[in-house]
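Undergrad: dropping the sequence and predicted coords here.
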Protein chains: 2
Amino acid sequence: MENLKIGGKDPSGEKNSRGAVAKKDKTGGPKPGAKMKEVKKETGLGLSHKKDENFGEWYAEVVVKSEMIEYYDVSGCYILRPWAYSIWDTLREFFDAELKQSGVKNCYFPLFVSSNVLEKEKNHIEGFAPEVAWVTKSGQSDLEMPIAIRPTSETVMYPYFAKWIRGHRELPLRLNQWCNVVRWEFSNPTPFIRSREFLWQEGHTAFATKEEADSEVLEILELYRRIYEEYLAIPVIKGKKSELEKFAGGLYTTSVEAFIPNTGRGIQGATSHCLGQNFAKMFEINFENEKGERAMVWQNSWAYSTRVIGVMVMTHGDDKGLVLPPRVAPVQIIVIPVPYKDADTQAIMDACSETVNNLNSAGFRAEADTRDNYSPGWKYSDWELKGVPLRIEIGPKDIAKKQVRIVRRDNSVKKDIPSDNLVESVREVLESIQESMFKTAKEKRDACIVKAKTFEDFAAAINNKKMVLVPWCDEEEVEKEVKARTKGETGAAKTLCSPFDQEPVPEGTLCFATGKPAKKWTLWGRSY
Amino acid sequence: MENLKIGGKDPSGEKNSRGAVAKKDKTGGPKPGAKMKEVKKETGLGLSHKKDENFGEWYAEVVVKSEMIEYYDVSGCYILRPWAYSIWDTLREFFDAELKQSGVKNCYFPLFVSSNVLEKEKNHIEGFAPEVAWVTKSGQSDLEMPIAIRPTSETVMYPYFAKWIRGHRELPLRLNQWCNVVRWEFSNPTPFIRSREFLWQEGHTAFATKEEADSEVLEILELYRRIYEEYLAIPVIKGKKSELEKFAGGLYTTSVEAFIPNTGRGIQGATSHCLGQNFAKMFEINFENEKGERAMVWQNSWAYSTRVIGVMVMTHGDDKGLVLPPRVAPVQIIVIPVPYKDADTQAIMDACSETVNNLNSAGFRAEADTRDNYSPGWKYSDWELKGVPLRIEIGPKDIAKKQVRIVRRDNSVKKDIPSDNLVESVREVLESIQESMFKTAKEKRDACIVKAKTFEDFAAAINNKKMVLVPWCDEEEVEKEVKARTKGETGAAKTLCSPFDQEPVPEGTLCFATGKPAKKWTLWGRSY
């Protein structure tokens, strides 16, 4: 980080020295032969909404223009284009390897579930019933019984857990599947964040003891934290969900919670549930323990979904487009030739492809943009829109000086670096970008956490788009009341979690809402 | 292969020298303390059906008992347990890397498709309509319009191809997705082979020229051949489908065709279709070519599914259970301790875990079976049922002699090998197993191909469970007639493919069915 001279070169010198339009013009549209003069913007390149002014419109626009998402003709469903799917693949690779290492096995259970099985765990089905999609016909024929599409797979899988688990030697049983699920929601579909079909992994495990289940809940939660913090550069808070917010039918739910400062809304990042023995009871998942006695298993389920990509876009994106953390960016480095009128174009092209080859051989994901019908300036804007972390520009002067120019996406800082030290420099800069993106996001997030002790302070902070940490009596009815009270003026606030990492509640502290003795610090906010 | 002494040791000497029940007894059930004496078979271990006697029952039994499949309470749907899913993962890893190398990008399109889009290509929808599952309700509410679940994604994707493709620089567009599809078939559901939901990859590509499309069709077909021949050790025949058998709505279809000698049925292994411009016309997928003219794209689609696993089971399995090719086996080597009454059990256990560690460090997938409630003999049968390619037995004599005993699953050959040369020996044996399984399967398959020139010879061969290569006039109506004529006595025969690798049809050769001039050699058979 320190060896990167931030702002060491005057950007206003760009145009003459490089033969390209100034970057901030975002002009020079896709008109062959128009490279060297400024032409009127003709395409939809660039965003028409600003993140701070119209966040919702900005988000809807950036996911489409960056080619992550295409809207689909079935409402609430979205197409994940390669630019988004590649991020999903990268995260999957990390998570899947960790699971395998830890002894979890992949499997695949059917998409369909019969209604009698789906409805077996009462609390569970109450949580999901309104959103279940039903297949009632095949071809022209009505099915004898409607069949549900899984909204999640607890009830799909657990009858077979009961069948497979006989004795303690079959435990733990730890399965995972990568699949699609369907929740036919009507409120506000949003790409990645809330869609009627989405992709996720769902882990389902059974243990002989509660201790083992408890420990796995946290093991998995830590992997979710790593996905957010280490891969997506998004700070999250680990904690436990309230009774009202926990998984329908489970014992307790832990989660990683992110926050979107622009909207002042918390967002549940991923959840790791301890189901206790509730499902085991309903589905009769018993085993013979080491003493030869019948016992009931302890179960967990845990999931993260394509939502993670949406949180990433919301956290890092800016008015120029996506900003992708280097560890997940489909293209980490885009190399752009900057030919000048009388320069040796072939030498520039050769230098570009040599640069790409060197970087790819060193394990980076680099590409050259050699399209001949776009100006360098147009390409800069295009790859900024797509969020590529680092741009390398190569023009005649760079070749003469045996250097390349690098430009960071996250902070626009430019620097010339010697070509012979390219790989090492790029590695350092990418690491610095990754760290710096996390640090910036964390500072913004931290500035949104306030402590309050009274309902008035609480409501004011919520209204001011903050997350609020309050001492709370931890009663389900009280959460319902607070939700109702905040619904009118400020937009209903609910608990996000009780953070694991919290100070002790001082003796005699009272609940912010009821004046009863407070049990813990709990984080509240509006949420997605 | 040559340095493995086949049958170098007398199996009848087993019991005394190793303290375990003879392998072929399949006894010594899961009764703690019963290890040293022969006990009556108590569990369902072992198969009750024989492959040559009741093939269908044998197959249904082996996929369940080997823990690949569990039957599910929605008819025609099956659970893929880790033992099967792991094979799917291995193949996916190979194929996905090849696609990425070749420039294909992964994406994800929705599960749902609206009826007006689904029905846009007339021939296409006629092919799929009877099998389409329809969602008509969410929660308690009826949907305004029924929505179909994708049986395949041509119509899901191509409206967006039309939107995305503008000029020749956007071509080729080469996308792939890994997903589930649903075909609500009523005929004879069979695990892996024919199920109402299945997993597959589907590639969808668009090119500026027919030449490029043609060339990709074969590039992908070659990858499918490699999956079958190099990974699953199953010989396949590459060829072109007849007009009657080609993909609904496409221009032509190529496939790899496998054959199951026991049932005398061909089975389509995977298909690579050239769609021509049929879909491009319907969905208006046009582009501006290099001359600035409007042109229509050429498209392909191609897929292989979890069916490949079923073909593998059918091809290699025997009366003891699965036989897995080493390259795809979830466990390649199972190490089994063979403790003898007065022997140093700890030393044996240590030798087993050292062996496993050595093998895993060398990149193999090895496990030790240290369960203390099963006899070695029971474990042999158990892992034979699961098809693990190589068993290593370690007893006191082996330790004394610094050797291990290896036993091949495919041919039961045993051999003692020095411990200090373990990794190299195991590598050679696994390679030999892989080769030998392919060779054996190919010999059996080749013995089922006969040539015929008259309808009588043809029908007799079909009846005799063969594939029949005949000179054919290649007319759609004639195929329908032959199907009808063979339906009664022999079970309807259809074309499997016209093999790419075929001798020229001699001048004056007549069609086996019509006596018209023959155009090509075509392979016919009953099929799955």
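TA: Structure received.
Undergrad: may I see the buried residues of stretch A:47-57?
TA: A:47, A:49, A:51, A:55 (16 or more other CB atoms under 10 Å in any protein chain shown). Heads up, the C-betas are built off the backbone N, CA and C, glycines and all.
Undergrad: and the residues you listed, which of them are in strands?
TA: Judged by DSSP state E, the buried residues of stretch A:47-57 include no members of strands.
Undergrad: which one of these sits closest to chain B?
TA: Closest approach between these and chain B, by CB to the nearest CB: A:Leu47, at 19.3 Å.
Undergrad: and for the helix or strand encompassing A:Val429, what's in contact with it?
TA: A:Val429 belongs to helix A:422-446 when assigned by DSSP states H and E. Residues external to helix A:422-446 that are found in contact with it (CB atoms under 8 Å, 6 or more residues apart in numbering or on different chains): A:1, A:3-4, A:229, A:233-235, A:258-259, A:261, A:315-316, A:323, A:325-327, A:332-333, A:355, A:358-359, A:362, A:364, A:389-390, A:404, A:406, A:408-411, A:417-418.
Undergrad: list the helices and strands the following helix or strand past that helix packs on?
TA: Next helix or strand after helix A:422-446 toward the C-terminus (DSSP H and E): strand A:449-451. Here strand A:449-451 touches strand A:467-472, going by 3 or more CB pairs under 8 Å, 6 or more residues apart in numbering or on different chains; DSSP states H and E.
Undergrad: helices or strands up against the strand it packs on?
TA: In terms of contacts (3+ CB pairs under 8 Å, 6+ apart), strand A:467-472 is packed against strand A:449-451, helix A:455-463, strand A:494-499, strand A:520-527.
Undergrad: one more time with 10 Å
TA: Strand A:467-472 sits against strand A:449-451, helix A:455-463, helix A:476-487, strand A:494-499, strand A:520-527, with contacts defined as 3 or more CB pairs under 10 Å, 6 or more residues apart in numbering or on different chains; DSSP states H and E.
Undergrad: can you put these in JSON lines and add mean neighbour count?
TA: Listed next are the helices and strands packed on strand A:467-472 as JSON lines, based on neighbours: other CB atoms under 10 Å in any protein chain shown:
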{"stretch": "strand A:449-451", "mean neighbour count": "16"}
{"stretch": "helix A:455-463", "mean neighbour count": "18"}
{"stretch": "helix A:476-487", "mean neighbour count": "15"}
{"stretch": "strand A:494-499", "mean neighbour count": "22"}
{"stretch": "strand A:520-527", "mean neighbour count": "22"}
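Undergrad: restricted to helices, list the contacts of helix A:422-446.
TA: Taking DSSP state H, the ones among the contacts of helix A:422-446 that sit in helices are A:315-316, A:355, A:358-359.
Undergrad: which one of these is nearest B:Leu143?
TA: Of all the ones in helices among the contacts of helix A:422-446, B:Leu143 sits closest to A:Thr315, with 34.8 Å by CB to CB.
Undergrad: for the stretch 301-450 of chain A, which residues are neighbours of chain B?
TA: Residues of the stretch 301-450 of chain A lying close to chain B (CB under 10 Å from any CB of the partner chain) are A:306, A:330, A:371-374.
Undergrad: buried members of those into ChimeraX, please.
TA: Command for ChimeraX that selects the buried part of those, burial taken from 16+ other CB under 10 Å:
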select /A:306,330,374
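Undergrad: in JSON lines, list the residues of the stretch 301-450 of chain A next to chain B along with pLDDT.
TA: Supplementary listing: those in JSON lines, determined by pLDDT from 0 to 100:
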{"residue": "A:Thr306", "pLDDT": "98"}
{"residue": "A:Pro330", "pLDDT": "98"}
{"residue": "A:Arg371", "pLDDT": "92"}
{"residue": "A:Asp372", "pLDDT": "89"}
{"residue": "A:Asn373", "pLDDT": "89"}
{"residue": "A:Tyr374", "pLDDT": "93"}
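Undergrad: hmm, which two among the residues of the stretch 301-450 of chain A next to chain B are most spread apart?
TA: Farthest apart among those - using CB to CB - are A:Thr306 and A:Asp372, which lie 35.6 Å from each other.
Undergrad: show me what contacts A:Val323?
TA: In this structure, A:Val323 makes contact with A:233, A:312-313, A:315-317, A:329, A:384, A:386-389, A:408-411, A:433, A:437, A:440, judged by CB atoms under 10 Å, 6 or more residues apart in numbering or on different chains.
Undergrad: what about the residue lying closest to it once chain neighbours are set aside, neighbour count?
TA: In this structure, A:Val323 finds its nearest non-sequential neighbour in A:His316, 4.1 Å apart by CB to CB, 6 or more residues apart in numbering or on different chains. Using other CB atoms under 10 Å in any protein chain shown, A:His316 has 21 other residues around it.
Undergrad: any chance of the buried residues of stretch A:47-57 in JSON lines, with pLDDT and distance to chain B too?
TA: Formatted as JSON lines, the buried residues of stretch A:47-57 follow (pLDDT from 0 to 100; distance: CB to the nearest CB, whole Å):
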{"residue": "A:Leu47", "pLDDT": "95", "distance to chain B": "19"}
{"residue": "A:His49", "pLDDT": "97", "distance to chain B": "21"}
{"residue": "A:Lys51", "pLDDT": "97", "distance to chain B": "26"}
{"residue": "A:Phe55", "pLDDT": "97", "distance to chain B": "26"}
